[in-house]
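S.K.: coords please:
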Amino acid sequence: HRIQELLIIAGLGTVIFASGVTVLLSNRIAGPLEDVVRAASEFGNGNYNAHVSVQGDDEIAVVGRAMNQLARNLQDAERNRNEFLANISHELRTPLSYVRGYSQVVADGLVSDPKEQERYLRFIYDETIRIEQLVRDLFVLAQADAGELSITKEEVNLNELILHTVRLVEARATSKGITIETSLSDEFIVAVDRLRMEQVLLNLLENAIRYTDPSGRVTVSLTSGEQGHVQIMVSDTGVGIPEPDLPYIFDRLYRVDKSRNRGRGGSGLGLAIVKQIVELHGGTVRVQSVEHKGTTFTILLPALAPQSERRSKA
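M.R.: Okay, the predicted model is just below:
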């Protein structure tokens, strides 16, 4: 009978002790988990200032630190998104204000001279082209962000593509007194999307012409690159890029000219598109520049073997 009493007491003590331990562990686990759930709910409501209290090194603490890092990333993304929208609004507002102002002058009959009317209509046309280009660039970047920027590769002779693209910008370069030179020693065949790669070259050439003064020179060269790549270099003798700006030159809407000079300022999206398209082709793009001396953009693309060599292998 005494043994039975001791066993009952021991059993009750064990149950009470186990219950206490369970409650303590539950509170220790449930509290941080509730904190994580609360933070996740705040994130879902757009509040990225929520914070998870992290203590220890267990799995819940790891989750808490991950949630806090996620909050910081979301805050950065939100800030970048707001800055991007503000910049886009600025880019659209300026040409739209020009279009509205010029069209109102013409519509109200404030300009009677035909030549003056033609000049105003030319302004309106130029601004609509600027808006159209901006919208097109935004669409390309939106496709890239969504993973929907598709390319259709075909075998392209880079010599022919470069010469064709140079012809497209020659008139503009000539009007500024700028000489465009090409250095195409060998024929290189690459598998690229012809239209996308033409867009890359056009963006770089137009950029070079925009920032090169009259009597300057723009050079496009094509050579063998490293590790089975071909190398396209677009160089100019323009104003150059200050060294502190070089790490950000491919960022969207980044401009070296902070004053947004309309005579020289593009949309700030061209180089971001260049980077997206080149990387989509498995290539890389980099920039070198010396202020007041010029800038060189270098593109490396995977090269195909010569056609004769591919036929022999086949």
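S.K.: Show me what the helix or strand hosting H90 is packed up against.
M.R.: Here H90 sits within helix 59-107, counting by DSSP states H and E. If contacts are counted by 3 or more Cβ pairs under 8 Å, 6 or more residues apart in numbering; DSSP states H and E, helix 59-107 sits against helix 2-44, helix 114-145. In short, each C-beta sits where N, CA and C put it, glycine included.
S.K.: now the last one, how far from the centre of its chain.
M.R.: Here helix 114-145 shows a centroid-to-chain-centroid distance of 21 Å under the convention Cα atoms, centre = their mean, to the nearest Å.
S.K.: what angle sits between it and helix 59-107?
M.R.: Orientation check (axes from the mean of the first three to the mean of the last three Cα atoms, to 10 degrees): helix 114-145 against helix 59-107 gives 160 degrees.
S.K.: Following the chain past helix 114-145, name the next helix or strand.
M.R.: Next element after helix 114-145 (DSSP H and E): strand 154-157.
S.K.: Starting from that following strand, tell me which strands it pairs with and how they run.
M.R.: strand 189-192 (antiparallel) (DSSP bridges).
S.K.: got a list of contacts for the strand it pairs with?
M.R.: Around strand 189-192, the neighbours that count as contacts under Cβ atoms under 8 Å, 6 or more residues apart in numbering are 151, 153-158, 230, 281, 301-304, 306-307.
S.K.: same thing but at 10 Å, please
M.R.: Residues outside strand 189-192 that contact it (Cβ atoms under 10 Å, 6 or more residues apart in numbering) are 151-159, 161, 197-198, 200, 229-230, 232, 277-278, 280-283, 301-307, 310.
S.K.: which of the residues in it are buried?
M.R.: 189-190, 192 (16 or more other Cβ atoms under 10 Å).
S.K.: ok, now stretch 62-77?
M.R.: 63-64, 67-68, 71, 74.
S.K.: need the least confident one among the helices and strands packed on helix 59-107, by mean pLDDT.
M.R.: Sorting the helices and strands packed on helix 59-107 by mean pLDDT places helix 2-44 lowest, at a mean of 71.
S.K.: who's in contact with stretch 164-175?
M.R.: Stretch 164-175 has contacts (Cβ under 10 Å, 6+ apart) with 157, 178-182, 194, 197-202, 204-206, 208-210, 212, 214, 216-218, 220.
S.K.: For that stretch, list the C-alpha coordinates in CSV.
M.R.: Presented in CSV, the C-alpha positions along stretch 164-175 are these (Å, rounded to 0.1, in the frame of the first residue of the first chain):
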residue,chain,number,x,y,z
HIS,A,164,23.6,48.3,-91.1
THR,A,165,23.2,50.0,-87.7
VAL,A,166,25.9,52.5,-88.4
ARG,A,167,24.1,53.5,-91.6
LEU,A,168,20.9,54.2,-89.5
VAL,A,169,22.7,56.8,-87.4
GLU,A,170,25.1,58.3,-89.9
ALA,A,171,22.8,61.2,-90.9
ARG,A,172,22.4,62.3,-87.3
ALA,A,173,26.2,62.0,-86.7
THR,A,174,26.9,64.0,-89.9
SER,A,175,24.5,66.7,-88.8
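S.K.: Buried residues in that stretch, which are they?
M.R.: Those would be 165-166, 169, 173, for stretch 164-175 by 16+ other Cβ under 10 Å.
S.K.: Now that stretch: average pLDDT?
M.R.: For stretch 164-175, the mean per-residue pLDDT is 92.
S.K.: Next: stretch 182-190.
M.R.: Rounded mean pLDDT across stretch 182-190 is 83.
S.K.: Give me the distance between that stretch and the centre of its chain.
M.R.: Averaging C-alpha positions (Cα atoms, centre = their mean) puts stretch 182-190 28 Å from its chain's average.
S.K.: Flag every buried residue along that stretch.
M.R.: Quick answer for stretch 182-190 (16+ other Cβ under 10 Å): 184, 188-190.
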